[in-house]
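> Got a sequence here, can you build the structure:
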Amino acid sequence: MRLEQGQRSPESRTGSQVNSLRSPLAKIAVAPAVTIAVEPNAHLELLLAQAAHEMGAPRIIAVWEKTEETKRYFACWSARRFERSTESLEYPIEGLVAPRLARTTFAVRSAESQLVKTPEGLRFSAAAAISARFSARYDIRAVVSTPFFRRGCRGRIFALDCAFAKDQLAQITIVADRVGLAIEYDGLQQQAEATVAARERLKLAHDLHDGLLQNLTAATLQLEVCSKNCEGEIRQRIDSIQALLAGEQRRLRDVVNGWRHRNRSEDLFLADACENVLRGLGAYWNCQTSLRIRPRNARLPFALVEHLSLLLTEAIANAVKHGNASRVWVYVARTTQTLALFISDNGGGFRGLVGSYSDDTLVAENIGPRSLCERVKSLRGHLLLATSGAGARVRIQLPLEKT
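Residues are numbered from 1 along each chain as shown. All right, here's what the predicted structure looks like:
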């Protein structure tokens, strides 16, 4: 085929197109697709790091809110570290910038400046481009910013201290689209996981109701028949066993009904939940229990109350089985950021162990209350055990979401 002067071959055009894809704008647009994250928004660090590199920004910040939540999320990437945090919603996310810039993509040489560069040209914002509070928090000077809106969330991206460049407004728009997609995906993933977990709990609740609870009822009735044919100490022992089984039935039925009917998004009074659990455990293990709650009106999410119940069950079982304890003291303290649980007993401690041990040591050496350690670790908490011939003391600290 003959080419006219100035006309390029198809091979030449293809090469030119490939080279054009190497531009920073294209690199951001074809960034790796979102992958499943072990923890929420774990892939944000990679997305923000790549965007910062392509835009020449020493720091880049993503800020977003989720529909029907009362928190605002922050993710800040820099060459030294990646930080995430939350804060309560005292004002809408639009308040981070000047009112006239709430839905605008812009670049500004100073956070206090009122003259901003937009895709349509220069314009006045009639107020500082970046709010004083937000600017002071991150020491913001030059910044390129744009909003994003996705299903279930909305937010803004801030690329800090990058030099003014021709394509930076287009670049930040693509970055915002990628980050918004990642956050939307995380929300959908969490919803799917919650749906699957709810279905599994409901199935387990039905299985327990139709299986174990019915068997416990049959056993209780059989013991009642045996008790009528016995006298004296034997009858007392049978009645005691029957009472324990009946108590376990009630406790299990409460759990099943909670799974099947309770709104799991609601908070429960910590004192009520702990008192109910300890009352049943005291009768089951034939030991005295005492409880202190601070503050007395503290509340916890339903899911965390379930975990707390299991922690108490395991801890008291350990105190009686391993230390022959006859009395257990429980102290629970809730702050805005942590839940602290202190459990002590009058038993003989853990056999062969004397001193203080961290959860890492207990797991590494395969000693002590390993099941308790594993549950605490799964909740991102920490456990410390102090044990001697005078008894055992367990301190558990669990993180709570900041509000």
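> Now A57, what are its backbone angles?
As for A57, its main-chain torsions (degrees, to the nearest 10) stand at phi -100, psi 120.
> Surely it and I157 touch.
No. Counting by Cβ atoms under 8 Å, A57 stays clear of I157, with 10.1 Å between them. For glycine as for every other residue, the C-beta is placed from the backbone atoms N, C-alpha and C.
> okay, and the common contacts of those two?
Overlap between the contact sets of A57 and I157, as judged by Cβ atoms under 8 Å, 6 or more residues apart in numbering, is given by A51.
> pretty sure A75 belongs to a strand, no?
Yes. With DSSP: H, G, I helix; E, B strand; the rest coil as the criterion, A75 is assigned to a strand.
> Adjust the sequence numbering to begin at 16 for everything that follows.
From this message on, residue numbering opens at 16, which makes the last subject A90.
> what residues are up against it?
A90 touches 56, 59-60, 63, 76-78, 97-99, counting by Cβ under 8 Å, 6+ apart.
> Please repeat the previous calculation with a cut-off of 6 Å.
59, 77, 99 (Cβ atoms under 6 Å, 6 or more residues apart in numbering).
> Can you report how many residues lie near A318?
12 (other Cβ atoms under 10 Å).
> if we look at the host helix or strand of it, which residues are touching it?
A318 is part of helix 317-338, with elements assigned from DSSP states H and E. Helix 317-338 is contacted from outside by 279, 283, 288, 292, 296, 300, 302, 340, 343, 358, 360, 362-365, 384, 386-387, 394, 407, 409, using Cβ under 6 Å, 6+ apart.
> same thing with stretch 102-119?
By Cβ under 6 Å, 6+ apart, stretch 102-119 touches 80, 85, 87, 133, 140-142, 144-146, 149, 162, 418.
> rerun at 8 Å
With Cβ under 8 Å, 6+ apart as the criterion, stretch 102-119 contacts 78-80, 85-87, 89, 129, 131, 133, 138, 140-146, 149, 160-162, 169-171, 417-418.
> can you pull the buried residues of that stretch?
108, 111-113, 115-116, 119 (16 or more other Cβ atoms under 10 Å).
> Span of it from start to end?
24 Å (Cα to Cα, to the nearest Å).
> any idea of the mean pLDDT in that stretch?
Averaged over stretch 102-119, pLDDT sits at 90.
> I'd like the distance from it to the chain centre, please.
25 Å (Cα atoms, centre = their mean, to the nearest Å).
> One more: stretch 372-383?
For stretch 372-383 - counting by Cα atoms, centre = their mean - the centre lies 25 Å from the chain centre.
> so for that stretch, what's the average pLDDT?
90.
> C-alpha coordinates for it, CSV please?
Extracted in CSV, the C-alpha atoms of stretch 372-383 (Å, rounded to 0.1, in the frame of the first residue of the first chain):
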residue,chain,number,x,y,z
TYR,A,372,2.2,-13.2,80.6
SER,A,373,1.1,-11.3,77.5
ASP,A,374,-1.2,-12.9,74.9
ASP,A,375,1.7,-13.2,72.5
THR,A,376,3.7,-15.2,74.9
LEU,A,377,0.8,-17.4,75.8
VAL,A,378,0.1,-18.2,72.2
ALA,A,379,3.7,-18.6,71.2
GLU,A,380,4.4,-21.0,74.1
ASN,A,381,1.1,-22.8,73.8
ILE,A,382,0.2,-22.2,77.5
GLY,A,383,-2.5,-20.7,79.6
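> list the buried ones in it?
Within stretch 372-383, the residues that qualify as buried by neighbour count (16+ other Cβ under 10 Å) are 372, 374, 377-378, 383.
> Between all of these, which two are separated the most?
Y372 and V378 (9.9 Å; Cβ to Cβ).
> coming back round to it: quick check, nearest of the contacts of A90 to F179?
Looking across the contacts of A90 and measuring by Cβ to Cβ, the closest to F179 is A77, at 21.3 Å.
> Show me what the closest residue to the closest one other than its chain neighbours is bridged to.
Spatial nearest neighbour of A77, chain neighbours left out: A90 (4.6 Å); criterion: Cβ to Cβ, 6 or more residues apart in numbering. Bridge pairing for A90 (DSSP bridges) gives the partners A77, R99.
> Would you mind measuring from A90 to G110?
Distance of A90 to G110, given as Cβ to Cβ, to the nearest Å: 19 Å.
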